[in-house]
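Asks: after the sequence you'll find the predicted model.
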Protein chains: 2
Amino acid sequence: MTHDEHPSEGGAGESNSASGHFAGLPWEVVQARKLVQRETILNQYPQWHLRQVVPESVQDVSHFPTSQLTARENEIVQQDATSLIRLLANRRYTAVEVLKAFCHVATITQELTNCLTEIFYDEGLAQAAELDRHLEETGEVIGPLHGLPVSVKDHILVKGHDTSTGYIAWAFNTVAKRDAVAVTILRKAGAVLYVKTANPQTLLSLETNNNVWGRTVNPFNRNLSPGGSSGGESALIASRGSPLGIGTDIGGSIRIPAGYMGLYGFKASVARIPHAGLLGSHDGMEAIIGVLGPIARSARDLSLFCRVMLQFEPWLIEPPLLEIPWRQSIVDGEGMTQKLTFAILWDDLVVTPHPPILEALRKTKKSLIAAGHEVIDWVPIDHEESWNLIVKLYFLDGGEEYREIMENDPPVPQTSWIMSQVPNGGKPYTVRETFKLNLEREAFRIKVANHWNDTRSRTTTGRPVDAILSPVAATLAPPHDTTRWWGYTSYWNLVDYPAAVFPVGHHSARRYAVPDLIPDFTPVVTPRNEVEEFISRQWDPQKYDNVPVALQLIGRRLNEEKVLGMLNVVEEAFRLDAIRN
Amino acid sequence: MTHDEHPSEGGAGESNSASGHFAGLPWEVVQARKLVQRETILNQYPQWHLRQVVPESVQDVSHFPTSQLTARENEIVQQDATSLIRLLANRRYTAVEVLKAFCHVATITQELTNCLTEIFYDEGLAQAAELDRHLEETGEVIGPLHGLPVSVKDHILVKGHDTSTGYIAWAFNTVAKRDAVAVTILRKAGAVLYVKTANPQTLLSLETNNNVWGRTVNPFNRNLSPGGSSGGESALIASRGSPLGIGTDIGGSIRIPAGYMGLYGFKASVARIPHAGLLGSHDGMEAIIGVLGPIARSARDLSLFCRVMLQFEPWLIEPPLLEIPWRQSIVDGEGMTQKLTFAILWDDLVVTPHPPILEALRKTKKSLIAAGHEVIDWVPIDHEESWNLIVKLYFLDGGEEYREIMENDPPVPQTSWIMSQVPNGGKPYTVRETFKLNLEREAFRIKVANHWNDTRSRTTTGRPVDAILSPVAATLAPPHDTTRWWGYTSYWNLVDYPAAVFPVGHHSARRYAVPDLIPDFTPVVTPRNEVEEFISRQWDPQKYDNVPVALQLIGRRLNEEKVLGMLNVVEEAFRLDAIRN
C-alpha cells in the first residue's frame, strides 16, 4: 500500500530473485534460520542479557528491562526524545552511552516480549561514535536529532537489512539497497538506528504475530497483545528500549499499539509525512493509503518527529507529499481560541467500549470542562458502513496478492480473521467497480465533513467543534487473537483525518470499581450485533489487568499541528485537574 | 474523471432515467431539438443579434462581436475582471449594464463561432438587478466578484441547466439539481452566470466539436480550432463575450484553448481549486485527475479567481481539496529572489514546435536575460513515454465507458483519433495492473522531480531552476481535426505541476519572416517520427494566419502562487523590453 516498493517487482532496490533464497523449503526452516540469525547477534552482547530467569507464568514483565541498569543508564532511558536530544547536544551524555543504555533495555525486552526483528547494534554504535567525534571536534551537532536512537518497524526499508515484513517468502530476500525516505531524513538529522521491530503477517492486523518471528507480547501482561501492526515498536518503547519509533497506520496500526501500551502515537493525514520506501502488499493501490508516523513517550515528541521530517523538504524527492511546512507555532497554541469545543464519541453504535475506556472519557470530559472548554456529544455516523467500505478498499484484488505471497506461509489467527472479511467473494473488482468504490468513499467523506460542519448548530460558539475525543478501540490491550473491531481507528483512515492517541490512566484489576457513567453515558445492555456480543462478553477486569488506558483526539484533515496543539490543551487540563485534586 | 457526478448513476442530482428522454431517437433529432432550444432563447434578444450578414468565406470574424457596441458597452467589455469588479463596486457601472454588454457580444460571438450551449440571460439579468438593488440599498457589495459575469464550461453543473457535455445521450437528461462547488462559490462571491460554453465529445480532445452542438470555430480564423476541451470558453472570452470563464484541464484543456486564443489560462495542481460537481466520463477514476481553473484576459485575473475560490474555504465541503489558503503575497513577489532562473524547453524531442513558437521562446529568453534573470535550457525527459503512460491512465477501462455512452452518437474526428490511442487492445486493465500503472506514474514523477532538483548543477545560484518556460503546443491554433500531439501540456498533468499560459504575440502571415534561432536553438531537419512528420508538414505561415502565439510557464507542484508571481516577472520583462525598443 506504498508507492514504490515491491519485492516481487525487483524494483524495490532489494536483492531478491523470482524464486528467492530458501524458496521451496518448509516455512519452519526459514523461521529457524531467521531466529538463529537474530540469536547469534544478541549472543555477541552477553552484558545486556537479563541476569535472571523469568518463569513463563510471570505475566507482568514490564519492570525487568530496566531492572539491572546503572543509575545513569536508568536516567537516560527514562527520558523522552526531546529531553534526550537536548542533553546530547549539551554533551551531558555521549551518543554511545545513550545507545548502549537503550541496547541494554532492548535486549532484555526482546527476550521477554519478542519485539525485535533485525538487530544491528554494531552499526548503531559505530554511527554514535562518529557523532560523538563530530560534536567533539566541531562543537556542532550533526542535526536536530543528534545521537537519538530511533527504532524502525520491520517493513520500512533500512539499507543493508532484511525487510521480511512478517512474510516467510520475503525473509532473506528483501535486503534493502537503500533507506526509506523517513530513514534517510532520520540519518541526516543525526538519529541513530540500531533495531527493527516486529509487524504482523499481512500488516493488516491490530496484533503482532507472524511465522518469521512468532508472536510479540505485551510486557505489562503477557497474556495480552501489545497491539499491532506496529506492535514491536509499542512493546519496545513502553519497556524503555527505544525513546522514539516509527510505525505505519492504514487502519489503526500506529494508534492501537501506542494506545494499548500507554504511549503517544500520531497518524497524520495522508501525504504530509514521508511514506516512500516501505515494503508491503498491494503496492500501487491508492484507494486507501497508509501513513508513517511516530510512536513516542510524550506529546512533544510527536511534533518533534513531524517537524524534523518536514524540515528536510521531503516533497522535493517524494512527489506525493504535500509542500506544507510544519507549523510549530500552531502546535504551540498560535491562533487557538481560549475556549475549545470537543465532541465526545462515546460509542460508535457498533461496539460499545469496555468500562475503563468510558470512564476515561468521562474523566477527560470533566477535566476539559473544569479547564473552561466546551464538551458536547459526537453523534456517531455510519461506523459499520465505514468498515464495510474500507475492507473493500483494502481488498480491491479480492485478497489475491495475500494468497499468493502466503502460499507456503500458513495464516496466523488474525490473518484468518481479516481474510474472513474479504469482500466480493474473494474475486478482484473490475476497474469500473473500483471507480464506483472511490465514489462511495468520496460520498462517505462528504457526509462526515458535512456532519462535522453541522455541529456548529450545537456549540455555544457557533463554530463547528474543534476536535473529536474518542476511544482508541473498544477494548484495552486484548487477549491474543481476539481482535474483532477496528472501527474506532479505521474510520479516520477512511476519511483521512489526523488523530493522536495519548495515555489517560492505567487499569488495575485490584483497584477497579464499576464506573458510574450516568448522566454522561448510558451503557448498552443488550449487544447490538455478534461482534459486540463477542467483545462485551470479553470484559473481565482481571483479564485486562495492568494495562494502560488511552484515548484518541481527532482533528480535521491536514490540521496536524492543530491536533497536537489541542493535545497539549487536553494534557494541560489533566495537569490542572491533578493540582486541584 | 470527477468525484461525485455521473448521469448514469442517478446520484448526480440531475434528472435522468435509465433510458433518458429521447432515448432511441436518432442523434440528429436530439441535436435538432437542442439547437432549436438554443435558437429560441436567442430569438428573445433580437437587439443583440449581428446586424449584418457575414459570408462563410470570411475567416477573421474577431472584430464583429464588438462592432455594434456603444462606446460605453465597448469600454465595459474591453476590461479585465479585476478592473470590472472595481468599477462595479465603485458604481461606475451597474451589474445589469455590464451583463447586457457581455450578452450583446456573446450573442454575436455565438452566431459566428458556435461557442455557447446553455443560455440563460434572463436569470443573469435578474441576478444582476438584485445585486444592483443590494448595493444601492446597503452600500455593500455581495462579495468580491460583485456583478462580474462569468461563463461556465458545459460539463460543470449549473443548477437548473442541462449538462449534456457534448454527449447526445446526456442531452435533456442532465438538468443539474445543484451547482458545482466552484459555481456555488462564484454565486456567493457575487458573480453573475449567464451562459455555458461548448466542450467536445468525450472531453478528451484539444479541439471542440460534438454531435449535440456541432463545431466551435476560432474567431481569428474560422478554418482553425479555438482549441479544446474548453474551446467554447476561449472563443467567447477572446471575442470579449465574457471577462472570465471556468474550464477544466486533464491534458491541456484549459491551457490549449487559452494559448490558441491569446488568453491567460491556469492549471493548478490537483486538489487546490474546487473540482466537485462536474459531469464527465470515468467518474471515480483517480489515476489521473483533472483540474478546474480560470481562462482570463489578464494574469491578475488568474490569481483573482484562485483567491476568491479559496477565500470560501471549499475544503470544508469538498474533502479532496487541500487546506492551503491562497497566498497572494507570494503572487505579489514576497520571498521571490531578484534573479530567477528559467529553463527553456525548446523541443520535447517528439514534435518540434512550429517556427513562431520557437521565435516566441527566443524573444522571451532575450527579455528575461535583459531583465537580469538567468535562462538555461531544460533537458527534456521522456515526453513520448509520458504520453504512452498517460493514455493508459485515461483509459484504464479500455475505453469501455466511452463506447457505451456513444452507442448512438457517432465519433467526431478527434474522438476517432483519441480512441486510436486506447491501450491494451481496448480491454480494461485488471485491478492489479492498475496498481502497477500507479507505480509507473509515481516512478515517472520521481524521475522528473529529481531531474528538476539536478538543475542546481547548471545554475549560477546553485539552486534548482525556478520555472520551466515551454511551448503550449507544437502548433498555433490548428486546422480542424488535425490535433495529434498533446505532449507539451499533458506531461504536466502527469506530474501534476501547476502551469500558466500567457500570450506572447500574434502570428501574421503577411509580416512573417523565418526566424533566426541559432545559436539558441537548432531546428530539427528530419522528422523523428510519424507524428512529427505530420505536424512539420502542416507548417505554412498562411494556413495559421492571424492567430495568437502563447507560451507556458511551469512551476513545481503546489507552487501555484509562485507560478503566478513568476508570470508577473515575465510580463515585467516584456514591459521593460517594450520600453527599451
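Replies: Thanks, I have it.
Asks: when you work out contacts or count neighbours from here on, use the C-alpha atoms and nothing else.
Replies: Fine.
Asks: before we move on, which element is the residue of the stretch 401-550 of chain A found nearest chain B in?
Replies: Closest contact between the stretch 401-550 of chain A and chain B, by C-alpha to the nearest C-alpha, is at A:Phe435 (4.2 Å). A:Phe435 belongs to helix A:431-454 when elements are defined using DSSP states H and E.
Asks: pLDDT of that helix, averaged?
Replies: In this model, helix A:431-454 carries a mean pLDDT of 98.
Asks: tell me which other helices or strands it touches.
Replies: With contacts taken as 3 or more C-alpha pairs under 8 Å, 6 or more residues apart in numbering or on different chains; DSSP states H and E, helix A:431-454 sits against helix A:383-394, helix A:487-495, helix B:431-453.
Asks: wait, the residue of the stretch 401-550 of chain A closest to chain B sits on B:His282?
Replies: Yes: under the criterion of C-alpha atoms under 8 Å, A:Phe435 makes contact with B:His282 at 7.4 Å.
Asks: which residues sit against the helix holding A:Phe435?
Replies: For helix A:431-454, contacts defined as C-alpha atoms under 8 Å, 6 or more residues apart in numbering or on different chains pick out A:287, A:381, A:386, A:389, A:392-393, A:396, A:464-465, A:494-495, B:3-4, B:282-286, B:316-319, B:396-397, B:428-431, B:434.
Asks: repeat that for 7 Å
Replies: Residues from elsewhere that reach helix A:431-454, judged by C-alpha atoms under 7 Å, 6 or more residues apart in numbering or on different chains: A:287, A:464, A:495, B:3-4, B:283-285, B:316-319, B:396-397, B:428-431.
Asks: which residues does whatever residue of the stretch 101-250 of chain A ends up closest to chain B contact?
Replies: Residue nearest to chain B within the stretch 101-250 of chain A (C-alpha to the nearest C-alpha): A:Val181, separated by 12.4 Å. With contacts defined as C-alpha under 7 Å, 6+ apart, A:Val181 is in contact with A:274-277.
Asks: I figured A:Pro471 hits A:Leu553, correct?
Replies: No: the pair A:Pro471 / A:Leu553 is not scored as a contact, 8.7 Å apart, by C-alpha atoms under 7 Å.
Asks: give me the more crowded residue out of the two.
Replies: A:Pro471 (29 against 24; other C-alpha atoms under 10 Å in any protein chain shown).
Asks: ok, that one to A:Asp377 distance?
Replies: Using C-alpha to C-alpha, to the nearest Å, A:Pro471 is found at 13 Å from A:Asp377.
Asks: dump the residue contacts of A:Ala467.
Replies: Contacts of A:Ala467 (C-alpha under 7 Å, 6+ apart): A:341-343, A:553-555.
Asks: what about A:Thr430, how many neighbours?
Replies: Neighbour tally, A:Thr430, other C-alpha under 10 Å: 17.
Asks: state the distance from it to B:Pro411.
Replies: For A:Thr430, the distance to B:Pro411 - C-alpha to C-alpha - is 26 Å.
Asks: next: A:Leu263.
Replies: 61 Å.
Asks: mind checking which of these two has more residues around it?
Replies: In terms of neighbours (other C-alpha under 10 Å), A:Leu263 is the more surrounded of A:Leu263 and B:Pro411; the figures are 26 against 19.
Asks: right, and that one touches A:Pro294 too?
Replies: No: A:Leu263 lies out of contact with A:Pro294 (C-alpha under 7 Å); the separation is 10.2 Å.
Asks: write out the residues of the stretch 451-581 of chain A neighbouring chain B.
Replies: Within reach of chain B by C-alpha under 7 Å from any C-alpha of the partner chain, the stretch 451-581 of chain A has these residues: A:Leu558.
Asks: go with 8 Å
Replies: A:453, A:557-558 (C-alpha under 8 Å from any C-alpha of the partner chain).
Asks: now swap in chain A and tell me
Replies: A:3-4, A:282-286, A:316-319, A:322-324, A:396-397, A:428-432, A:434-439, A:442-443, A:445-446, A:449-450, A:453, A:557-558.
Asks: just the buried residues out of those, in ChimeraX syntax.
Replies: Here is the ChimeraX command that selects only those of those that count as buried (16 or more other C-alpha atoms under 10 Å in any protein chain shown):
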select /A:3,4,282,283,284,285,286,316,317,318,319,322,323,324,396,397,428,429,430,431,432,434,435,436,437,438,439,442,443,445,446,449,557,558
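Asks: low-confidence regions, the stretch 251-400 of chain A specifically.
Replies: Nowhere does the stretch 251-400 of chain A drop to pLDDT under 70.
Asks: again, only this time at 90
Replies: A:281 (pLDDT under 90).
Asks: how about the residue in it positioned nearest to chain B: what's its closest non-neighbour residue?
Replies: Using C-alpha to the nearest C-alpha, the closest approach of the stretch 251-400 of chain A to chain B is made by A:Gly284 at 4.2 Å. Nearest residue to A:Gly284, sequence neighbours excluded (C-alpha to C-alpha, 6 or more residues apart in numbering or on different chains): B:Phe435, at 4.2 Å.
Asks: which SS class is A:Ala343?
Replies: strand (DSSP: H, G, I helix; E, B strand; the rest coil).
Asks: does it really touch A:Ile369, like I thought?
Replies: No: A:Ala343 is not in contact with A:Ile369 according to C-alpha under 8 Å; the separation is 11.9 Å.
Asks: any shared contact partners between the two?
Replies: A:Val375.
Asks: so which of these two has more stuff around it?
Replies: The residue with more neighbours, out of A:Ala343 and A:Ile369, is A:Ala343; 24 against 17, by other C-alpha under 10 Å.
Asks: so how far is A:Ala370 from that one?
Replies: Counting by C-alpha to C-alpha - A:Ala343 and A:Ala370 are separated by 15 Å.
Asks: now do the contacts for the closest residue to A:Val375 other than its chain neighbours.
Replies: Counting by C-alpha to C-alpha, 6+ apart, A:Val375 lies nearest to A:Phe342, which is 4.8 Å off, once chain neighbours are set aside. By C-alpha under 8 Å, 6+ apart, the contact set of A:Phe342 is A:373-376, A:465-469.
Asks: could I get the residues you listed as CSV with distance to B:Val524?
Replies: Shown next, in CSV, are these (distance: C-alpha to C-alpha, whole Å):
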residue, distance to B:Val524
A:His373, 70
A:Glu374, 70
A:Val375, 70
A:Ile376, 70
A:Val465, 62
A:Asp466, 60
A:Ala467, 61
A:Ile468, 62
A:Leu469, 65
